[in-house]
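**Q** structure for the following, please:
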Amino acid sequence: LPLKPVVIEEPFQQWGLDFIGVLNPNSSAGHTHVLTATDYFTKWVEAIPVKQTSTA
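**A** I've put the predicted structure just below:
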């Protein structure tokens, strides 16, 4: 299938989420992964350290 462009008309309309990890060594606070969120329109990135990736 051919790729199709994603049309985004305003900031914060669509985000991409991803986990980075396992971090080796872990952070001093015990974080093993980083959750990243990227706004597709503005390219704004948030990175949040996390200690586990399992669901609650």
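
**Q** centre-most residue in this structure?
**A** The structure's the chain has its C-alpha centroid closest to residue 36; by CA atoms, centre = their mean the separation is 2.2 Å.

**Q** who does the strand or helix carrying that one touch, helix- and strand-wise?
**A** Taking DSSP states H and E as the definition, residue 36 sits inside strand 33-39. In this structure, strand 33-39 makes packing contacts with strand 15-21, strand 45-50, judged by 3 or more CB pairs under 8 Å, 6 or more residues apart in numbering; DSSP states H and E. C-beta here means a position set from N, CA and C on the backbone, and glycine is covered the same way.

**Q** now that strand - C-alpha only, PDB.
**A** What follows is strand 33-39 as a C-alpha-only set of coordinates in PDB (Å, rounded to 0.1, in the frame of the first residue of the first chain):
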ATOM      1  CA  HIS A  33      12.100   3.600  30.600                       C
ATOM      2  CA  VAL A  34      11.100   6.900  29.100                       C
ATOM      3  CA  LEU A  35       7.700   7.600  27.800                       C
ATOM      4  CA  THR A  36       7.900  10.100  24.900                       C
ATOM      5  CA  ALA A  37       5.000  12.100  23.400                       C
ATOM      6  CA  THR A  38       5.400  14.100  20.200                       C
ATOM      7  CA  ASP A  39       2.800  16.600  18.800                       C
END
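
**Q** just the mean pLDDT for it, thanks.
**A** Regarding strand 33-39, the rounded mean pLDDT is 95.

**Q** residues making contact with that strand?
**A** By CB atoms under 8 Å, 6 or more residues apart in numbering, the list of residues contacting strand 33-39 from outside reads 11-12, 14-23, 44-53.

**Q** change it to 6 Å
**A** Here strand 33-39 makes contact (CB atoms under 6 Å, 6 or more residues apart in numbering) with 12, 15-21, 45-50, 53.

**Q** now, which of the residues you listed sits nearest residue 29?
**A** Of all the contacts of strand 33-39, residue 29 sits closest to residue 49, with 7.2 Å by CB to CB.
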